[in-house]
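**Q** Build the 3D model from these lines:
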Amino acid sequence: MSEEHRAGVEVADGRIVTAAAASTLRRRTARIIANALDTAGGTEWNADVAVEVRLTDAPLTVRRPDVVVYRADAINTSPIRAQHVLCVIELVSRVSQATGRIVGVHRYVRAGISHYWRIEWSATGVPIACTYVLDPASQAYHEEAICSGVVHVTEPFPVTIDLTRV
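**A** Numbering: from 1, shown residues only. The predicted model follows:
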């Protein structure tokens, strides 16, 4: 399948799943996060929006998180392999709550992705970021930070992202 045709789909356990088109708010928020993480990651790490990540070969699972931080030397790899990924960020809407909070998280844990961020919007419209780090011993994500409006973290790199400017 061409890259253009793959843009709106993911593969979950070998089955093609159509992804809903992202809203303007979601796309802008993803771009702001990616730009900040791209700068913070220096020359070793890239951060981009809507990058295909191959989590497993059998059954085939390919996800397209809103933002992906991956090794800079893997830029020509398509799809990016999970072992090249440092962090995935999912922007959760009402439509994607189950995926962003449950399904995707378990797949990222199994793939060994070290950091997972979930961005949601409160009832008043304030963005809330929940950041998690993978504990290899328990094979589970542990909460690192919950930030309202402004994300300020030290992992995977020190960065401050003002999500209120969206």
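**Q** part of a strand, is I89?
**A** Yes. Judged by DSSP: H, G, I helix; E, B strand; the rest coil, I89 forms part of a strand.
**Q** All the helices of the chain, in order from the start?
**A** Here the chain has its helices, by DSSP state H, at 3-6, 24-40, 97-98, 104-111.
**Q** quick one: contacts for D135?
**A** Going by Cβ atoms under 8 Å, 6 or more residues apart in numbering, D135 touches Y141, H142. Where C-beta positions appear, they are placed from N, C-alpha and C, glycine not excepted.
**Q** if we go to 10 Å?
**A** For D135, the contact set (Cβ atoms under 10 Å, 6 or more residues apart in numbering) comprises V109, Y141, H142.
**Q** partners of it in the sheet?
**A** Assessed by DSSP bridges, D135 has beta-bridge partners A140.
**Q** Against I32, how distant is it?
**A** Going from D135 to I32 by Cβ to Cβ, to the nearest Å gives 29 Å.
**Q** Same question for D162.
**A** From D162 across to I32, the span is 8 Å (Cβ to Cβ).
**Q** and if you look at D66?
**A** Separation of D66 from I32 (Cβ to Cβ): 11 Å.
**Q** Please say which of these two ends up with more neighbours.
**A** More crowded of D66 and I32, by other Cβ atoms under 10 Å: D66, with 25 against 17.
**Q** how about that one, what does it touch?
**A** By Cβ under 10 Å, 6+ apart, D66 lies in contact with 22, 26-27, 29-31, 33-34, 49-51, 88-92, 96, 100, 117-119.
**Q** can you check S122 too?
**A** In this structure, S122 makes contact with I128, S148, G149, judged by Cβ under 10 Å, 6+ apart.
**Q** go on, T131?
**A** Counting by Cβ under 10 Å, 6+ apart, T131 touches 87, 89, 115-119, 141, 143-147, 151, 153, 155-156.
**Q** Buried only: go through the residues you listed for me.
**A** Using 16 or more other Cβ atoms under 10 Å as the burial test, the contacts of T131 include 87, 89, 115-119, 141, 144, 147, 151, 153, 156 as buried.
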